[in-house]
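Student: Let me see the structure of the following:
(one chain, ligands or ions: 2)
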Amino acid sequence: MSGVLLQAKGVSKDFGGLRAVRDLNFEIQRGEIFSIIGPNGSGKTTTFNLVTGFLPVTGGEISFKEDQITGLKPFQICRKGIARTFQRTTLFERNTVLENLVIGQRATRESSILSCILGSPGARQREKEALEKAHELAEFIGLSRQKMIPPGALPQGAQKQLSIGLALASAPELLLLDEPVGGVNMEEIGALIDLITRIRKSGTTICLIEHKMSVVMNISDRVIVLSYGEKIAEGSPAEVSQNEKVIKSYLGERYAASRRQS
Ligand SMILES: Nc1ncnc2c1ncn2[C@@H]1O[C@H](COP(=O)(O)OP(=O)(O)OP(=O)(O)O)[C@@H](O)[C@H]1O
Ligand SMILES: [Mg+2]
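Tutor: Ligands and ions are numbered 1, 2, ... in the order given. The predicted structure is shown next:
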């Protein structure tokens with residue numbers, strides 16, 4: 001199915017006197033990798049917080065599959081099919097990789113506490129399914145050999161893979177990734193790019209925030225550029241990387257020159 005999956009209309013966010021996001025309009029199409037780039041503090045993470053209900057909007061509307069989601073709570077938005085990762089990786093440190101992937105599924109699963117305590121056949125069946133799904137997810141994110149260790153023992157790149165796995169555990173239609181390769185070394189970046197492209201192939205739409213331009217420009221279908229909370233450009237990677245405003249406020253001359261040479 002094609003068409004608009006998520007639409008933001010005139011979205012703004014004020015923090016006291018600071019307008020962190022200003023009259024922002026964008027549409028994410030089903031099946032694409034849509035990227036949001038821009039300098040530090042330009043409102044990228046705030047935009048994710050508004051879409052996922054972690055912060056209320058000051059103005060504007062957000063709809064998902066033509067349903068208004070403005071004002072809903074994060075767990076309600078998650079149940080509708082939007083999942084996210086965080087700029088600073090957040091994992092359940094006391095649990096194993098596999099347990100993390102079981103816990104991740106609880107965001108969307110309905111299960112009554114009473115049926116868990118009583119150990120009803122239905123609850124036991126759901127637990128079994130959750131465990132099977134966790135094994136599948138571990139395989140998919142490339143951590144099948146590290147299932148029984150705590151996330152803290154994993155290298156940075158693998159921790160990022162697991163945080164994506166946690167978000168995938170709710171089986172989202174739209175996955176928001178906040179700097180998925182931030183702080184990761186060159187060798188580990190390859191595995192993350194491979195994972196992101198496999199997620200898109202599996203039918204999940206992706207919205208990506210990333211500073212690493214080699215990643216953004218290679219895997220995105222469309223890019224928007226924020227500066228001081230405002231959208232200053234939108235288009236294909238080639239279009240935005242040649243845009244004068246974007247070069248001036250973010251990419252810089254050096255980047256543009258390296259693009260011209262290559
Ligand atoms: N909860 C908050 N309370 C007050 N100000 C905030 C809050 N969250 C973000 N801000 C401010 O809003 C602006 C946008 O921040 P945001 O985190 O969205 O930027 P960003 O584009 O994600 O930057 P980075 O690339 O550094 O992650 C910044 O000036 C930031 O200090
Ligand atoms: Mg950010």
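Student: quick one: secondary structure of the nearest residue to Thr90 once chain neighbours are set aside?
Tutor: Counting by CB to CB, 6 or more residues apart in numbering, Thr90 lies nearest to Ser163, which is 7.0 Å off, once chain neighbours are set aside. (Each C-beta comes from the backbone N, C-alpha and C, glycine too.) At Ser163 the chain is in helix, as set by DSSP: H, G, I helix; E, B strand; the rest coil.
Student: Measure how buried Val57 is and give me the count.
Tutor: If you count neighbours by other CB atoms under 10 Å, Val57 ends up with 21.
Student: Could you report the pLDDT at it?
Tutor: Val57 carries a pLDDT score of 98 in this model.
Student: got it, and Ile117?
Tutor: Per-residue pLDDT puts Ile117 at 64.
Student: any idea which helix or strand carries Glu187?
Tutor: In this assignment (DSSP states H and E), Glu187 forms part of helix 186-201.
Student: Restrict that helix to CA atoms and write it as CSV.
Tutor: Only the C-alpha atoms of helix 186-201 are listed here, as CSV (Å, rounded to 0.1, in the frame of the first residue of the first chain):
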residue,chain,number,x,y,z
MET,A,186,33.0,2.6,11.4
GLU,A,187,33.0,-1.2,11.5
GLU,A,188,29.8,-1.3,13.5
ILE,A,189,28.0,1.2,11.3
GLY,A,190,27.8,-1.4,8.4
ALA,A,191,25.8,-3.8,10.5
LEU,A,192,23.4,-1.0,11.6
ILE,A,193,22.8,0.2,8.0
ASP,A,194,22.2,-3.4,7.0
LEU,A,195,19.7,-3.7,9.8
ILE,A,196,17.9,-0.5,8.9
THR,A,197,17.6,-1.4,5.2
ARG,A,198,16.3,-4.9,6.1
ILE,A,199,13.6,-3.3,8.4
ARG,A,200,12.4,-1.2,5.5
LYS,A,201,12.4,-4.2,3.2
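Student: Help me confirm that Gln7 comes into contact with Glu27.
Tutor: Yes - between Gln7 and Glu27 there is a contact at 5.0 Å, judged by CB atoms under 8 Å.
Student: Now the helix holding Glu187: buried residues?
Tutor: With burial defined by 16 or more other CB atoms under 10 Å, the residues of helix 186-201 counted as buried are 188-189, 191-193, 195-196, 199-200.
Student: Counting by contacts, list what that helix packs against.
Tutor: Counting contacts by 3 or more CB pairs under 8 Å, 6 or more residues apart in numbering; DSSP states H and E, helix 186-201 packs against helix 156-168, strand 205-209, helix 213-219.
Student: Flag every residue of the stretch 151-262 of the chain that's near ligand 2.
Tutor: By CB under 5 Å from the ion, no residue of the stretch 151-262 of the chain approaches ligand 2.
Student: now the helices for this protein?
Tutor: Here the chain has its helices, by DSSP state H, at 44-51, 74-80, 97-103, 113-118, 121-140, 156-168, 186-201, 213-219, 237-241, 244-246, 252-261.
Student: Could you tell me how far Gly104 is located from ligand 2?
Tutor: Distance, Gly104 to ligand 2, by CB to the ion, to the nearest Å: 22 Å.
Student: So that residue is in contact with Ser163, correct?
Tutor: No - using CB under 8 Å, Gly104 is not in contact with Ser163, being 9.5 Å away.
Student: since we're on Ser214, how many residues are nearby?
Tutor: 12.
Student: I should have written Gly235 there, sorry.
Tutor: Around Gly235 there are 15 residues (other CB under 10 Å).
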